[in-house]
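Engineer: After the sequence you'll find the predicted model.
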Amino acid sequence: MKIDDIIDEVIKAERGYVNDPTDKGGETNYGITVAVARANNYTGSMRDMPLAVARSIYLQRYVNEPKFDRVVAIDGRIGAELVDTGVNMGPHRSAEFLQRWLNAFNDTGSRYQDLFVDGRLGEISFAALSAYIKWRGKEGIDVLLRALNSIQGARYLEIVEGDRSQRRFAYGWVRNRVVL
């Protein structure tokens with residue numbers, strides 16, 4: 001899977017301009033919040049934000065900065081899942097989810113080095129992911145994807161249980177996830 005294809009799928013899932021006053025993310029276009037747009041030097045109207053600007057923000061903030069491009073190089077489907085989760089919950093949380101599951105799946109702790117869960121991917125995390133895939137193969141990739149989706153879904157559930165006003169978004173959050 002190519003990074004451009006991953007970004008296309010995220011944009012397709014996120015759709016266009018939205019300004020729902022009950023959405024805690026605020027005004028968005030292509031899934032990019034106004035806060036993220038401003039933090040990435042876009043100063044224009046969110047309604048008129050060019051698709052190219054959104055794509056550039058996705059590439060920089062949700063692929064390159066958290067090093068999810070390195071995960072895509074190891075396995076495209078896992079990389080796509082991390083990008084998608086990162087867009088919705090922040091790249092830091094997405095990386096934490098991967099680290100937590102790699103630790104959980106590390107059998108007796110002897111298959112690869114356990115990870116310090118800090119939400120930052122580095123060489124030890126990449127080595128653990130590669131070792132996990134070498135050990136578990138295609139089935140392991142499928143299981144890891146299920147695990148990542150399950151923890152993402154559990155987080156959505158926690159959000160709506162903690163704030164009833166967000167219930168109106170729960171169905172869409174789950175429906176629109178990139179499923180590979």
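Structural biologist: Everything's here; your move.
Engineer: Quick one: mean pLDDT for stretch 47-57?
Structural biologist: Averaged across stretch 47-57, pLDDT comes to 96.
Engineer: Tell me which other helices or strands the longest helix belonging to the chain touches.
Structural biologist: Longest helix in the chain, counting residues (DSSP state H): helix 123-162. If you count contacts as 3 or more C-beta pairs under 8 Å, 6 or more residues apart in numbering; DSSP states H and E, helix 123-162 packs onto helix 68-74, helix 76-89, helix 91-104, helix 167-175. In short, each C-beta sits where N, CA and C put it, glycine included.
Engineer: I'd like the mean pLDDT over stretch 122-139, please.
Structural biologist: 97.
Engineer: Stretch 24-36 too?
Structural biologist: The model assigns stretch 24-36 a mean pLDDT of 90.
Engineer: and it, how far from the chain's centre?
Structural biologist: On the basis of C-alpha atoms, centre = their mean, to the nearest Å, stretch 24-36 is displaced by 15 Å from the centre of the chain it belongs to.
Engineer: how long is it end to end?
Structural biologist: End-to-end distance for stretch 24-36, by C-alpha to C-alpha, to the nearest Å: 13 Å.
Engineer: Give me the contacts around that stretch.
Structural biologist: 10-11, 13-19, 37, 46-47, 49, 51, 53-54, 57-58, 61, 87, 163, 166 (C-beta atoms under 8 Å, 6 or more residues apart in numbering).
Engineer: So which residue is dead centre in this protein?
Structural biologist: T85 (2.2 Å; C-alpha atoms, centre = their mean).
Engineer: Let me see the contact set for the nearest residue to that one once chain neighbours are set aside.
Structural biologist: In space, and not counting its chain neighbours, T85 is closest to S94: 4.0 Å by C-beta to C-beta, 6 or more residues apart in numbering. Residues in contact with S94 (C-beta under 8 Å, 6+ apart) are P66, F68, L82, V83, T85, G86.
Engineer: and which of those is nearest I141?
Structural biologist: L82 (12.9 Å; C-beta to C-beta).
Engineer: circling back to that earlier point, quick one: the residue nearest to T85 and E139, what's the gap?
Structural biologist: Per C-beta to C-beta, to the nearest Å, S94 is found 22 Å from E139.
Engineer: before we move on, what about D118?
Structural biologist: In terms of C-beta to C-beta, D118 sits 28 Å off from E139.
Engineer: So for those two, which sits in the more crowded spot?
Structural biologist: It is D118, of D118 and E139, that has more neighbours when counted by other C-beta atoms under 10 Å, with 12 against 8.
Engineer: what residues are up against that one?
Structural biologist: D118 touches E96, Q99, counting by C-beta under 8 Å, 6+ apart.
Engineer: Export only the CA atoms of stretch 48-60, formatted as PDB.
Structural biologist: What follows is stretch 48-60, C-alpha atoms only, in PDB (Å, rounded to 0.1, in the frame of the first residue of the first chain):
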ATOM      1  CA  ASP A  48     -12.100  26.900   1.100                       C
ATOM      2  CA  MET A  49      -9.100  24.900   2.200                       C
ATOM      3  CA  PRO A  50      -7.600  23.300  -0.900                       C
ATOM      4  CA  LEU A  51      -7.300  19.600  -1.100                       C
ATOM      5  CA  ALA A  52      -3.600  19.900  -1.700                       C
ATOM      6  CA  VAL A  53      -3.200  21.700   1.700                       C
ATOM      7  CA  ALA A  54      -5.000  18.900   3.400                       C
ATOM      8  CA  ARG A  55      -2.900  16.200   1.700                       C
ATOM      9  CA  SER A  56       0.300  18.100   2.700                       C
ATOM     10  CA  ILE A  57      -0.800  18.300   6.300                       C
ATOM     11  CA  TYR A  58      -1.700  14.600   6.300                       C
ATOM     12  CA  LEU A  59       1.600  13.700   4.900                       C
ATOM     13  CA  GLN A  60       3.700  15.800   7.300                       C
END
